[in-house]
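Trainee: The sequence isn't on hand, but the structure is:
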């Protein structure tokens, strides 16, 4: 019992007043209810005066509780149709029918047991028929292609069956596709791309099934066998993002050279054999590239860099797909910290990261830019997340964001 004599409480914020409603022990779970207003930090003191309850603590804002996922519409307003996820979500991809696949390190979705993988239908409800066997550790990236859901992460097994770092599930019911059985990477896979019957993987690994394939590899989509004929020169450090377009494979990450040739943080390979496309030679970012998107003859890059080829382009830049030259005409206002994920859709470029300002204007962790010139789209103004944003995806005019 606390000094107010209540055993369980739900916090509401109404205007400038804070009102506490008492409910009986066991009537609700210990988790806040979706849509109820909660502080974003610890509450250390509570007192009541004149019919009001005042609270104090380490919080900075009070707002509606969403859990670890939320959908915004085309204006940035929050849509309510998303079940509460009780842990981190690291990956979200559209299912092509208005719904979403999510992966991460959660155990329940909408109060139903779902370990690290789930499917949310277009109406915002959990898909009870899609119930995959549980990975034993976090899922960090998802790709949907050809009726299959590919997952990579820190896991070593799926439902007790050994599937290190890389697995595939059937889109119909979530069952493990055990016929797709790639040889084991020796270290984490961070990123995947599927194109032309092939599955491209990038990460921190140095070998695949005991064969040396540092940080880049390709598998056959039919059975997961290693495509040893695609043998790119070795990046000297890890690959965190891949994009495939027009017969080319784009890679970004922490590397500074490719096969001993200087290619800091950004490079392109031929899809035919994995050879380095040295004709695509962008000016050097000064720090790692974390995310890539290819659209309309342009390559968008976000990351931890502050300059490109000595020219100030903090955290966000665009290159020409033909030769890698910097597109200096696309000049967004500067984020004040790194951009971690990009998505391009409908003439807009969506960005998430660790920034809190865009060109000096407060836009916390989420922002949208015009694809034409990089100008800031201030009309898309989502409410500020109170924690890290790990991933985003765009579908049907809405953007799905996953919050910590």
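Mentor: Good, I have the coordinates. No experiment lies behind these values; they were computed from the predicted model shown.
Trainee: Need the residue closest to the centroid of the protein.
Mentor: Computing the C-alpha centroid of the chain and ranking residues by CA atoms, centre = their mean puts residue 391 first, at 1.9 Å.
Trainee: Please name the residues that touch the closest residue to residue 349 other than its chain neighbours.
Mentor: Nearest non-adjacent residue to residue 349, counting by CB to CB, 6 or more residues apart in numbering: residue 369, 4.5 Å away. Backbone N, C-alpha and C define where each C-beta goes, glycine included. Shown in contact with residue 369 (CB atoms under 8 Å, 6 or more residues apart in numbering): 316, 332, 348, 349, 351, 375, 376, 377.
Trainee: isn't the second one right up against residue 371?
Mentor: Read it as residue 332. No: in this structure, residue 332 is not within contact of residue 371 by CB atoms under 8 Å, at 10.5 Å.
Trainee: Neighbour count for the two, which is higher?
Mentor: residue 332 (24 against 20; other CB atoms under 10 Å).
Trainee: Disregarding flanking residues, what is the spatial nearest neighbour of that one?
Mentor: residue 374 (3.8 Å).
Trainee: Now the common contact residues for residue 332 and residue 371.
Mentor: residue 349.
Trainee: And the pLDDT at residue 186?
Mentor: pLDDT, residue 186: 94.
Trainee: dump the residue contacts of it.
Mentor: Contacts of residue 186 (CB under 8 Å, 6+ apart): 205, 206, 207, 208.
Trainee: is it true that residue 92 touches residue 142?
Mentor: Yes: Residue 92 lies in contact with residue 142 (CB under 8 Å); the separation is 7.4 Å.
Trainee: Common neighbours of those two, please.
Mentor: 101, 102, 103.
Trainee: Quick check: beta-bridge partners of the first one?
Mentor: Right, residue 101. With DSSP bridges as the criterion, residue 101 is bridged to residue 93, residue 119.
Trainee: The chain should start at 50 in everything you say after this.
Mentor: Renumbered: residue one is now 50, and that last one reads residue 150.
Trainee: Throw the contacts of residue 235 into TSV and include neighbour count and secondary structure, thanks.
Mentor: Shown next, in TSV, are the contacts of residue 235 (neighbours: other CB atoms under 10 Å; DSSP: H, G, I helix; E, B strand; the rest coil):
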residue	neighbour count	secondary structure
254	24	coil
255	14	coil
256	15	strand
257	23	strand
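Trainee: can the residues you listed go into a markdown table with extra columns for distance to residue 225?
Mentor: Below are the contacts of residue 235 laid out as a markdown table (distance: CB to CB, whole Å):
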| residue | distance to residue 225 |
| --- | --- |
| 254 | 21 |
| 255 | 26 |
| 256 | 24 |
| 257 | 20 |
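Trainee: And these, which two are furthest apart?
Mentor: 255 and 257 (9.0 Å; CB to CB).
Trainee: how is this protein carved up into domains?
Mentor: Per the record, the chain has its domains at 50-114, 117-452, by automatic domain parsing.
Trainee: just those: most buried one?
Mentor: Highest mean neighbour count of the domains of the chain: domain 117-452, a mean of 19 (counted as mean count of other CB atoms under 10 Å).
Trainee: distance between that domain and the chain's centre?
Mentor: 6 Å (CA atoms, centre = their mean, to the nearest Å).
Trainee: tell me the contacts of residue 390?
Mentor: Per CB under 8 Å, 6+ apart, neighbours of residue 390: 339, 340, 351, 400, 401, 402, 438, 439, 440, 441.
Trainee: what mean pLDDT does the one helix or strand it maps to have?
Mentor: If you go by DSSP states H and E, residue 390 is part of strand 388-394. Averaged across strand 388-394, pLDDT comes to 94.
Trainee: what are the pairing partners of that strand, and which direction each?
Mentor: strand 397-402 (antiparallel).
Trainee: quick one, what contacts residue 324?
Mentor: By CB under 8 Å, 6+ apart, the neighbours of residue 324 are 281, 282, 318.
Trainee: Dump the residues you listed to a markdown table, plus pLDDT, distance to residue 134 and secondary structure.
Mentor: Formatted as a markdown table, the contacts of residue 324 follow (pLDDT from 0 to 100; distance: CB to CB, whole Å; DSSP: H, G, I helix; E, B strand; the rest coil):
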| residue | pLDDT | distance to residue 134 | secondary structure |
| --- | --- | --- | --- |
| 281 | 97 | 36 | coil |
| 282 | 98 | 40 | coil |
| 318 | 98 | 36 | strand |
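Trainee: ok, of the residues you listed, which one's closest to residue 298?
Mentor: For these, the nearest to residue 298 is residue 318 (4.5 Å; CB to CB).
Trainee: residue contacts, residue 283?
Mentor: 263, 264, 265, 307, 308.
Trainee: mind redoing it with 6 Å?
Mentor: 263, 308 (CB atoms under 6 Å, 6 or more residues apart in numbering).
Trainee: so where is the stretch 250-399 of the chain shaky, pLDDT-wise?
Mentor: Scanning the stretch 250-399 of the chain for pLDDT under 70 picks out no residues.
Trainee: Do you have the helices of it handy? List them.
Mentor: Under the criterion DSSP state H, counting those that start in this stretch, the stretch 250-399 of the chain contains no helices.
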